[in-house]
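[1] Okay, sequence plus prediction incoming.
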Amino acid sequence: MKTMKLIVIIFLTTFAIASCQEDKVFKEQVTFEKGFKFLDGTSMNTAATGGSMVYPATGISLSTGTAWGASITNNSANWNTAFSWGNHATAGYALATHNHNTQYKPISYVPTWAEITGKPSEVDLQTAISQLNVLVIPKKTTAEITAMTPTAGSLVYDVTLNVLKIGNGVLWKTLITNQ
């Protein structure tokens, strides 16, 4: 039985070696008019295209990952000029020298009582108005004034008619004209 198994193994090995063929290599161009048919039943009738490698005419080429996109303007001359100026950090205009800490407080900042009480004291409205050099009155067009509700005692300058108007609670009356 062992001899029989050995004979079968030798026979199968000899048959397998005798059946093997050398790989075929094309030594010249081959043309296929009807495409390729693969062992899985699929076929390919046209040659695969890998896209073109046409680069943009000017600028720096930009790849989109699947093709070439619009080029980026070549500003290397500007870089070369700036580079020729030397180390910007030692030229006196480094960002490290700029500090906002004295002007702005963090969101967590809580003022001291002295900072709060050190503010100017309150002044009543009459005193505050008397200390003003001028009193600025709102300016609106006639159309804007007509659309507003005239609160009694309110003043507005009509820039369309160049007149000062006062509201009486019902309508706007011309207080001072330009004539």
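    Everything's here; your move.
[2] alpha carbons only for contacts and neighbour counts from here, please
    Fine.
[3] and Thr81, helix, strand or coil?
    Per DSSP: H, G, I helix; E, B strand; the rest coil, the local secondary structure of Thr81 is helix.
[4] Distance check, it against Asn75.
    10 Å (CA to CA, to the nearest Å).
[5] same question, Leu164
    Taking CA to CA, one finds Leu164 at 58 Å from Asn75.
[6] nearest residue to the residue nearest the centre of the chain other than its sequence neighbours?
    Centroid-nearest residue in the chain: Ile72, 16.7 Å away (criterion: CA atoms, centre = their mean). Closest residue in space to Ile72, ignoring its immediate chain neighbours: Ile60 at 5.0 Å, by CA to CA, 6 or more residues apart in numbering.
[7] I'd like to know how many residues surround that neighbour.
    When counting by other CA atoms under 10 Å, one arrives at 15 neighbours for Ile60.
[8] That one contacts Ser71, correct?
    Yes. Here Ile60 reaches Ser71: they are 5.3 Å apart, a contact under CA atoms under 8 Å.
[9] Helix, strand, or coil at Leu175?
    Assigned with three-state DSSP, Leu175 falls in the strand class.
[10] May I have the residues that are in contact with it?
    Contact partners of Leu175, counting by CA atoms under 8 Å, 6 or more residues apart in numbering, are 163-166.
[11] and if you look at Leu171?
    Applying CA under 8 Å, 6+ apart, the residues contacting Leu171 are 149-150.
[12] Report pLDDT for it.
    In this prediction, Leu171 carries a pLDDT score of 92.
[13] can you check the one 5 residues further on too?
    Looking at Ile176, its pLDDT is 74.
[14] Begin at 77, not 1, for the rest of this chat.
    All set: I'll call the first residue 77, so the last point we hit is now Ile252.
[15] Check the contact between it and Ile242; I expect there is one.
    No. With contact defined as CA under 8 Å, Ile252 and Ile242 do not form a contacting pair (9.3 Å).
[16] The two: which is more packed in?
    Counted by other CA under 10 Å, Ile252 and Ile242 do not tie: Ile242 has more neighbours, with 19 against 12.
[17] Walking through the chain, point out its strands one by one.
    Under the criterion DSSP state E, the chain contains strands at 112-113, 119-120, 136-139, 144-148, 215-216, 231-234, 239-243, 248-252.
[18] how about the ones you listed, which one is nearest Ile192?
    Proximity to Ile192 (CA to CA) singles out strand 231-234 among those, at 34.4 Å.
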